[in-house]
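J.: Build the 3D model from these lines:
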Amino acid sequence: MKKLLLILVLLPLFMLSDCSKHDDNVLVNPAPSQTEAIAKELQNVIDENHITIVSVYVFNAQDNSWVNIVGTSDFKIEDPYIRVETTYYDLSKLVKFDAQAELDLYFKY
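T.: Below you'll find the model as predicted:
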């Protein structure tokens, strides 16, 4: 009987602690307005410069260099991400971009 009572007392505590962990994770994610602003800025650059090709670079900390992951015309901004071919890149991880003949995106994960 004591075990049953103990379980009934502790069960709600575990349930509440799981909810608070979920709330903490929401605070860690970037504010929607940050990625929304980045997405709008990129869309403006794409439209103004008639960009048809996007190249993605990811920082390699081991070599301290930027690695070209992909270059393609298959891309779409889907806030908070940009889809390049079949991969989604988090716009909150975008550290810089360069738009000339193509749009070069630099991500640091």
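J.: which phi and psi does the nearest residue to Asp79 once chain neighbours are set aside have?
T.: Nearest in space to Asp79, with sequence neighbours left out and distances taken as Cβ to Cβ, 6 or more residues apart in numbering, is Ala39 at 4.1 Å. Placement of C-beta: from N, CA and C, glycine included. Taking degrees, to the nearest 10, you get phi -60, psi -40 for the backbone angles of Ala39.
J.: Spit out the contact partners of Ala39.
T.: By Cβ atoms under 8 Å, 6 or more residues apart in numbering, the residues touching Ala39 are 77, 79-80, 82, 91.
J.: Would you check how far apart it and Ser65 are?
T.: Distance of Ala39 to Ser65, computed by Cβ to Cβ, to the nearest Å: 27 Å.
J.: Identify the bridge partners of the most centrally placed residue in the chain.
T.: Centroid-nearest residue in the chain, with Cα atoms, centre = their mean: Asp90, separated by 2.2 Å. Following DSSP bridges, Asp90 is listed with bridge partners Tyr81.
J.: tell me which element Thr35 falls in.
T.: helix 32-49 (DSSP states H and E).
J.: Tell me the secondary structure at Gln62.
T.: Three-state call for Gln62 (DSSP: H, G, I helix; E, B strand; the rest coil): coil.
J.: same check, this time on Phe59
T.: What three-state DSSP gives for Phe59 is strand.
J.: surely it meets Leu94?
T.: No: using Cβ atoms under 8 Å, Phe59 is not in contact with Leu94, being 11.2 Å away.
J.: The two: which has the busier surroundings?
T.: Leu94 (19 against 16; other Cβ atoms under 10 Å).
J.: Wait, the more buried one touches Leu103, no?
T.: No: applying Cβ under 8 Å, one finds Leu94 not in contact with Leu103, separated by 11.1 Å.
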